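> Below is the structure, and that's it, no one-letter string:
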């Protein structure tokens, strides 16, 4: 739920700036929303305020301690007068020379070359890039299989080339079977994101959860139906499958409109998990 006493913008900017200095980099918008319990608009505004801010730690002046102040000479006192120097004996001079020779003999060699240290931010970026590359490879392979299955099922159920503007541009045609993978899989991804985010109302997340599960299940059913009919040599789908597939675009449109309405009803309401 939204806090009855929201954090002021200046206070939130100062808190995020301090957190950025601890991390060594500016936190992402999702991290700001999670750690500071704010919505997406406020997190975006904070990042805009901190644009150009360098969170790298800097050296700062430290005031002198009381001991250092006490050690400083006071002008106009006896401390300004040079202290008398007592004559040194030849034995003391010999001992001092021996000590200097020992110090020069045990003095350390040149300092070792600095070793490059990988920062936490660099390791995090490398890890995110690796995960994104793996997800991209999985998505491309799944896209090819899903696209071919849905287009093939659409062909078996009567989808095909249609003129988009009959009577105006008769030669402008597309294969209507592509609307099946575009609608079903795009909505499934959209609903999954709404379900897994933590800054939406419970009603919106519940609707997104069940509709995403339903969209993925229908996608699996469509793939199974297409491959079974293709393996059996069926060129025309049964009327029941044709009726069901023909209603999918309308059903997907209704679910997407309902979910978008729920999101716009409370765009910045925060929900605890």
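Received, thanks. Note that the coordinates shown come from a computational prediction; the quantities given were computed from them, not determined experimentally. Numbers count the residues shown, from 1 in each chain.

> Okay, helices next: where are they in the protein?
Taking DSSP state H as the criterion, the chain contains helices spanning 9-23, 29-36, 40-49, 66-71, 90-105, 120-156, 179-196, 202-231, 239-265.

> which one of these lies closest to residue 170?
helix 179-196 (20.3 Å; CB to CB). Where you see a C-beta, it was placed from the backbone N, CA and C, and this is true even at glycine.

> low-confidence ranges in this protein?
Applying pLDDT under 70 to the chain picks out residues 1-6, 57-124, 199, 266-273.

> Any chance of the helices of the chain in CSV with mean neighbour count as columns?
Formatted as CSV, those follow (neighbours: other CB atoms under 10 Å):
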stretch, mean neighbour count
helix 9-23, 15
helix 29-36, 17
helix 40-49, 16
helix 66-71, 8
helix 90-105, 10
helix 120-156, 13
helix 179-196, 18
helix 202-231, 17
helix 239-265, 15
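
> Those helices into JSON lines, with extra columns for distance to residue 173?
JSON lines is the format used below for the helices of the chain (distance: least, CB to CB, whole Å):
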{"stretch": "helix 9-23", "distance to residue 173": "53"}
{"stretch": "helix 29-36", "distance to residue 173": "43"}
{"stretch": "helix 40-49", "distance to residue 173": "41"}
{"stretch": "helix 66-71", "distance to residue 173": "86"}
{"stretch": "helix 90-105", "distance to residue 173": "92"}
{"stretch": "helix 120-156", "distance to residue 173": "15"}
{"stretch": "helix 179-196", "distance to residue 173": "14"}
{"stretch": "helix 202-231", "distance to residue 173": "23"}
{"stretch": "helix 239-265", "distance to residue 173": "18"}
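
> so which of the ones you listed gets nearest residue 172?
Of all those, it is helix 179-196 that lies closest to residue 172, at 15.9 Å by CB to CB.

> quick one: the closest one to helix 202-231, angle?
With axes from the mean of the first three to the mean of the last three CA atoms, to 10 degrees applied, the angle from helix 179-196 to helix 202-231 works out at 150 degrees.

> Kindly calculate the angle that helix 179-196 makes with helix 120-156.
Using the same axes, to 10 degrees: helix 179-196 against helix 120-156 is 140 degrees.
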